[in-house]
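> Curious how this folds, go ahead:
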Amino acid sequence: MEELRQKKYLAVTKRKFHPISIVLGIVGILGVVVSVSTLKDLKQYLDIRSVVAIFGGTFGVLLFQFNIRTLLGTFKLLLQSFWGIPDKETMQLIGQLDQAILQRSHLSTLREGRELNGDFINDALYMLQQGLIYEEIETFFNAKIADEYQIRERYVDLLLKGSTVAPGLGLFGTVMGLIGVLSTLSDPSQIGPSMSLALMTTAYGAGLGSLVFIPMAGRLEQHNFTFLEIHQQMLSKLKILVSREERRFDRELHVEDMERSA
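You can find the predicted model right below:
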């Protein structure tokens with residue numbers, strides 16, 4: 001089994017975001033920030049009103065469109081994406097399927113299939129024992145995979161919405177700041193705070209959209225694509241074992257018929 005894996009006869013997708021690529025990506029993002037700022041005084045880049053307007057406003061709009069569960073699910077999946085895909089449980093299932101195929105064993109040697117419990121192999125065996133054919137089992141699993149994929153795509157949609165909302169709020173803050181500047185021309189001491197609001201909201205909005213939301217959305221899109229690809233591979237492996245199980249059932253029925261006729 002291990003020799004076949006080393007020779008890549010059994011190609012199991014295991015994609016991780018390499019630590020070096022993560023570090024280089026972070027360095028690149030920080031490089032953008034450093035290159036456009038003097039960094040002589042970090043306080044000059046901190047404006048509380050701009051932070052509240054952009055960060056609070058962006059997440060407020062996202063929560064209005066989605067919900068807190070979707071928001072938390074997005075960040076949870078983002079954290080999981082750093083560990084790659086498939087996860088440990090899926091890797092074990094793939095290994096068991098590969099092992100069963102090579103050793104010419106059956107699904108019934110892997111699971112009991114007494115009831116549906118959410119386990120990929122167990123549920124397939126249960127449905128097979130209930131008289132379903134492979135096409136029906138495949139349709140069931142495809143629907144389940146499609147449901148999960150749709151939820152994951154909703155997470156991507158949330159991030160893409162955020163990449164649009166943040167710059168929009170930045171522009172809104174800029175306009176409001178400029179209005180404040182024009183209304184305080186008679187008092188030069190008030191021009192600074194209004195101008196700070198006008199400029200910092202634009203900076204925060206553009207930065208949050210381009211350097212945070214868009215990279216995270218792209219990361220999840222790749223993660224979701226690999227999720228779909230792996231589960232299609234699992235269905236292909238399952239088809240081999242289901243066909244083998246069906247032939248075994250047919251042989252057993254044939255033997256029983258022969259015994260009754262004798």
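> Could you use CA atoms for every contact and neighbour count after this?
Will do.
> quick one: low-confidence parts of the stretch 151-262 of the chain?
In the predicted model of the stretch 151-262 of the chain, residues 248-262 satisfy pLDDT under 70.
> all helices of it, in order?
191-208, 214-261 (DSSP state H, counting those that start in this stretch).
> and the angle from the first one to helix 214-261?
Spelled out, that is helix 191-208. Inter-element angle recorded for helix 191-208 and helix 214-261: 30 degrees (by axes from the mean of the first three to the mean of the last three CA atoms, to 10 degrees).
> which outside residues touch helix 191-208?
For helix 191-208, the surrounding residues in contact (CA atoms under 8 Å, 6 or more residues apart in numbering) are 45, 47, 49-51, 53-54, 163, 166-171, 173-178, 180-181, 184-185.
> one more time with 7 Å, if that's ok
Contacts to helix 191-208, defined as CA atoms under 7 Å, 6 or more residues apart in numbering, come from residues 47, 50, 54, 166-167, 169-171, 173-178, 180-181, 184-185.
> Quick one: buried ones out of those?
Under a neighbour-count criterion of 16 or more other CA atoms under 10 Å, the subset of the contacts of helix 191-208 counted as buried comprises 47, 50, 54, 166-167, 169-171, 173-178, 180-181.
> any idea which of these is closest to residue 224?
residue 166 (24.2 Å; CA to CA).
> burial measure for the residue lying closest to that closest one once chain neighbours are set aside, as a count.
Excluding its sequence neighbours, the residue lying closest to residue 166 (CA to CA, 6 or more residues apart in numbering) is residue 205, at 4.5 Å. Using other CA atoms under 10 Å, the number of residues around residue 205 comes to 29.
> Likewise for residue 131?
Other residues near residue 131 number 10, with proximity taken as other CA under 10 Å.
> Out of the buried ones among the contacts of helix 191-208, which two are the most distant from each other?
Pairwise distances among those were taken by CA to CA; the largest, 22.4 Å, belongs to 166 and 181.
> so for the helix or strand in which residue 79 is found, what's the average pLDDT?
Secondary structure from DSSP states H and E places residue 79 in helix 68-81. For helix 68-81, the mean per-residue pLDDT is 90.
> and that helix, which residues are buried?
Residues of helix 68-81 classed as buried under the neighbour-count rule (16+ other CA under 10 Å) are 70-71, 73-74, 78, 81.
> I'd like these laid out as a markdown table, including distance to residue 146.
Below are these laid out as a markdown table (distance: CA to CA, whole Å):
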| residue | distance to residue 146 |
| --- | --- |
| 70 | 17 |
| 71 | 20 |
| 73 | 17 |
| 74 | 18 |
| 78 | 20 |
| 81 | 19 |
